[in-house]
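# Sequence below, structure please.
(2 chains)
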Amino acid sequence: MAEADGFDAFYRDTSRRLLRYAYGLTGDPAEAQDLVQEAYARAWQRWRRVSRYDDTEAWLRLVVTRLATDRWRHLGVRRARAAASRPPAPAAPPSDDTVLLVRAMRTLPAAHRRALALHYLLDRSVAEIAAETGASAGTVKSWLSRGRAGLAAALGDLVPQPVRGGFTDVD
Amino acid sequence: MSTDLDRMFTALGRDADGIPLGDPSTARNRGERRRRTQLVAAGLATACALAAGLTGGSWLTRDAAGPEPVAPPPDRPVQLGPARPLGEEIRYGGQQIRFALTTIAGNRAYAGWQEEDGTLRVAAADLETGKAAWPARTLGEFDDSNGIIAVPQALLAIGEHNDGTVPDQLLYVVDPNTGQVRWELPFDINGDDLLFYGSVLVHVTEAGAISARDWIDGRVVWDEAPPADPPVASLGMYGPADALPGGSNGAFPAGLSDPRMLQITAGGALVVRDAATGAVRSTRPGVGIGADSHYLAYDGRLYGSHRGTGPNRVVVAEVDGGGAARELHSAAPGRSYHDVVPCGSDRICVLDGGATEESMEVAAIDVASGREVWRKQAPAGAEQLVPSGARVLVTGSGAQGEASSALFDHDGTQLLGEVDRRASLAWVSTGTLLSFGEGGKLASVTAADGSRQELGEGLLEDPLAPRFCSWTERRLVCPGRTGFRVWDIARR
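Alright, predicted model coming up:
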């Protein structure tokens, strides 16, 4: 069972970070739990190969990104499926800040959400996000800038301060 | 604003850290169940993967005009008739089942199922008459099963302990004529490879030890100790003469007719052996493209597709030639490969996509020049390419689990009508497909023009049944809730 041991150790090392990322993308604790479980299930399916990837954690994030993009649009269906298999453990109620931020994040395009989640929740630099997404650094800066502007607009009165433009504050 | 966002994301991160997470074993168990159906779908040697990868780097220039179209090989359409049940349903035995699967080889239809108490059983039917060929056989009790595979020499069934047993899986080699278990092989489904040749079953461990076993008694015909440069992939060679898979939606049959066994080592070498004797025919460096890659050997060529981190690319090497592999194609920035298959003479087709299901596309690539001949939008949720001749079938499932399909001609023309684009399709011959539609509707589809002929409706109890059915040009076998049954689909 050495292989399972390796998988389990990897899961323990990385699953919290992946859950942060999944929660950032979906804003739904149950969805985030299910996405993370699904991503690791897919990793285990082909663990022999996946474990040799240069950056296995990034591969998992890509799986979560794809699933989350899909789930964002079809939340009800996916949740119904997940509920049929195993009910997730309940999470504590989110803070007021989280509730507002999730609501605002839901107004953003998927690419902006992904960039913001990587940057703010996983402390990824523009260069790292560019490497992970395959986009140029300029594109990533644009995603972050437009994402922040979108959040500011969605947050409305709560965050009335003007958005700092430009790209220099994201590196 | 940045400060506010920092604070809010910090709060979100803190809330995320408080969300309960399942045990890793939960994810592993979920993966095992996914893998079971995947193995049945694709066969052990060709199990395909979600091809997630991180992309970047160069992108070959697209040539809108492209090379001259390749003349398609002649079709061999078959005439199908209304589905008619043959014999009685062959019952599982009255127990509640977790799942049931079918497969076909030669004149036998097989079913394998696992009962609620974990008992794994198999049974066979005569494909001509639909009558039981031998009584249901109990193989053992397992936590799970990785399904069944049929080749002319044997029925193979895989049980999975999940209780710490090493290795975790047990492969049963069952006599197709009597149902008796001939021999058993413990193996590790994650680390080991199994290849099914005419005279031997080849087992390659993760460390690279090889044992080729006789189909009848399991004796070792030849073996090799683990080499210093272990294999990262072991595979057989397919070709245009190989039969269609005859079940689910895999691209190739489980059995290998070409005698060559190929291995790509961690050091990037290609080692070619004679599978019957183990003799090394050739060894050549510079062919592998890294550990996180998939390989396909077809019609004398080895295709490698890198689908992991870094730029996704496809390379090709002539198996009997010399030199390093040649780069054939690279995925556009932000896109990664999901499947790579041959699709006609000197062509491959790739399924690639970005972050969304809608971004999936199919492209045909000329192997000589590396240029894209055509590129088309794939159905949302496209997962797999199944070629036949110069056409390629795209299968997948939409956002709500509904089937989605497309059939592209050699020039990229989409051939399916609206009804069949929402059905599960599979090749019956090089000119004809079976269409499993909503409401258990069964139809035949002519590949040349997408025309459709209804064969019956309400035939299948389970909407997912097409994934677990198997077929020939004359027969269809599907599992139901209480048993499995053979249908005559030949034109009468």
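# so where's chain A uncertain?
A:1-3, A:48-49, A:69-91, A:157-171 (pLDDT under 70).
# at 50 instead, please
Flagging of chain A using pLDDT under 50 yields the residue ranges A:71-87, A:159-171.
# how's it carved up into domains?
Chain A breaks down into these domains under automatic domain parsing: A:1-92, A:93-171.
# could you redo the ones you listed as a markdown table and give each row distance to chain B?
C-beta here means a position set from N, CA and C on the backbone, and glycine is covered the same way. Formatted as a markdown table, those follow (distance: least, CB to the nearest CB, whole Å):
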| stretch | distance to chain B |
| --- | --- |
| domain A:1-92 | 3 |
| domain A:93-171 | 4 |
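# Those domains: which one's closest to B:Thr430?
domain A:1-92 (30.7 Å; CB to CB).
# any chance you could read off phi and psi for B:Asp320?
Dihedral angles of B:Asp320 (phi, psi; degrees, to the nearest 10) stand at phi -90, psi 10.
# err, A:Ser125, not the other one
phi -80, psi 170.
# Equivalent analysis for A:Leu67, please.
phi -70, psi -40.
# Ok, B:Gly300 next?
Residue torsions, per degrees, to the nearest 10, at B:Gly300 are phi 90, psi 0.
# Check it and give its pLDDT.
What the model reports as pLDDT for B:Gly300 is 94.
# Over to B:Lys376?
97.
# Name the SS class of it, please.
strand (DSSP: H, G, I helix; E, B strand; the rest coil).
# what do you get for the one 3 residues further on?
Reducing the assignment at B:Pro379 to three states with three-state DSSP gives coil.
# in chain A, which residue is closest to the centre?
A:Tyr21 (3.1 Å; CA atoms, centre = their mean).
# in chain A, which spans are helices?
Ranges of helices in chain A, per DSSP state H, are A:2-26, A:29-45, A:47-50, A:56-73, A:75-85, A:96-105, A:110-116, A:126-133, A:137-155.
# related to what we said a few turns ago, contacting residues for the residue nearest to the centre of chain A?
Going by CB atoms under 8 Å, 6 or more residues apart in numbering or on different chains, A:Tyr21 touches A:Arg61, A:Val64, A:Ala117, A:Leu118, A:Leu121, A:Leu122.
# ok, 7 Å please
The contact partners of A:Tyr21, by CB atoms under 7 Å, 6 or more residues apart in numbering or on different chains, come to A:Arg61, A:Val64, A:Ala117, A:Leu121, A:Leu122.
# Nearest spatial neighbour of the third one, chain-adjacent residues omitted?
Closest residue to A:Ala117 in three dimensions, ignoring its sequence neighbours and counting by CB to CB, 6 or more residues apart in numbering or on different chains: A:Gly24, at 3.3 Å.
# For stretch B:256-274, the averaged confidence score.
95.
# would a markdown table of the helices of chain A with distance to B:Asp217 be doable?
As requested, the helices of chain A are exported to a markdown table (distance: least, CB to CB, whole Å):
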| stretch | distance to B:Asp217 |
| --- | --- |
| helix A:2-26 | 30 |
| helix A:29-45 | 33 |
| helix A:47-50 | 30 |
| helix A:56-73 | 41 |
| helix A:75-85 | 42 |
| helix A:96-105 | 63 |
| helix A:110-116 | 56 |
| helix A:126-133 | 52 |
| helix A:137-155 | 61 |
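# Can you tell me which of the domains of chain A is most buried?
domain A:1-92 (a mean of 20; mean count of other CB atoms under 10 Å in any protein chain shown).
# would you list every one of the strands in the stretch 51-200 of chain B?
Secondary structure of the stretch 51-200 of chain B, counting by DSSP state E, counting those that start in this stretch: strands at B:80-91, B:97-105, B:108-115, B:119-126, B:132-141, B:144-151, B:154-160, B:169-174, B:181-187, B:193-197, B:200-204.
# Quick one: distance of stretch A:21-31 to the chain centre.
7 Å (CA atoms, centre = their mean, to the nearest Å).
# Nearest to B:Trp427, out of the domains of chain A?
domain A:1-92 (25.3 Å).
# Are we agreed that B:Gln453 is in a strand?
Yes. Per three-state DSSP, B:Gln453 lies within a strand segment.
# ok, it touching B:Ser444?
Yes. Using CB atoms under 7 Å, B:Gln453 is in contact with B:Ser444, at 4.9 Å.
# Of these two, which one has the most company?
A count of neighbours by other CB atoms under 10 Å in any protein chain shown puts B:Ser444 above the other of B:Gln453 and B:Ser444, at 22 against 15.
# who's the more buried one bridged to?
B:Leu434, B:Gln453 (DSSP bridges).
# From chain A, how far out is it?
31 Å (CB to the nearest CB, to the nearest Å).
# ok so, going back, wait, which of the domains of chain A is closest to B:Tyr92?
domain A:1-92 (22.7 Å).
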